[in-house]
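A.B. asks: below are the sequence and a predicted model; questions follow.
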Amino acid sequence: MNQRMLVVACVALYLGSLAAPSNAAGLAAGPQETVKKSDGLSCTPQQPSGKSTLVLRFGAGHPDELGILGPDGTWFFLVYRDDGIHPGLRPLVSKSVFARQQELTLRTATAEGSPWVDRRNRNERILVKPGRYRVVVMAALKSDAQGIPRSECSVQYEP
């Protein structure tokens, strides 16, 4: 298993370990000290379609990386430290620009991210498959360290 696949597996296991039964809003409940939902990140609309615009709103001083976990377990990184290993993978915006933003809009029909999957070396459309997408902001998407504060929200996408 190469290093990239190992990191993906660790991140997936870590996030899966935080999941608990859904609360009334349909979001995964987890430890309050780790996952913030309402104060750090919001997603609107909650049920976007193929012709929607997804609006992400961030609290002041939000973490500096952004990713979306698809219904099939694929991570799409949107804002991250670009180490230039694969020229076909590029962040949506730089971390310095993202740090100043409090809102980001994504057109569901065209939004692309960098898939964190071995041998997928170009940005791809994110919202393709129907299902629940988890939007996450945290300090280090590529880290498998536990206890890293993050905020998340989720949407139920129907093409």
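C.D. replies: Ah, there it is. Small disclaimer: the values here were computed from a predicted structure and weren't measured.

A.B. asks: check for me that Ala99 belongs to a helix.
C.D. replies: Yes - the assignment for Ala99 is a helix, going by DSSP: H, G, I helix; E, B strand; the rest coil.

A.B. asks: so it sits right up against Glu65, yeah?
C.D. replies: No - judged on CB atoms under 8 Å, Ala99 makes no contact with Glu65 at a distance of 10.2 Å. All C-beta spots, glycine's among them, are computed from the backbone N, C-alpha and C.

A.B. asks: which one's more surrounded, the two?
C.D. replies: Neighbour count, other CB atoms under 10 Å: between Ala99 and Glu65, Glu65 has more, with 22 against 14.

A.B. asks: where along this protein do the strands fall?
C.D. replies: 35-36, 41-44, 53-58, 65-69, 75-79, 103-107, 112-115, 124-125, 131-138, 150-157 (DSSP state E).

A.B. asks: got TSV for these, with mean pLDDT too?
C.D. replies: Putting the strands of the chain into TSV (pLDDT from 0 to 100) gives the following:
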stretch	mean pLDDT
strand 35-36	42
strand 41-44	95
strand 53-58	96
strand 65-69	96
strand 75-79	97
strand 103-107	97
strand 112-115	97
strand 124-125	98
strand 131-138	96
strand 150-157	94
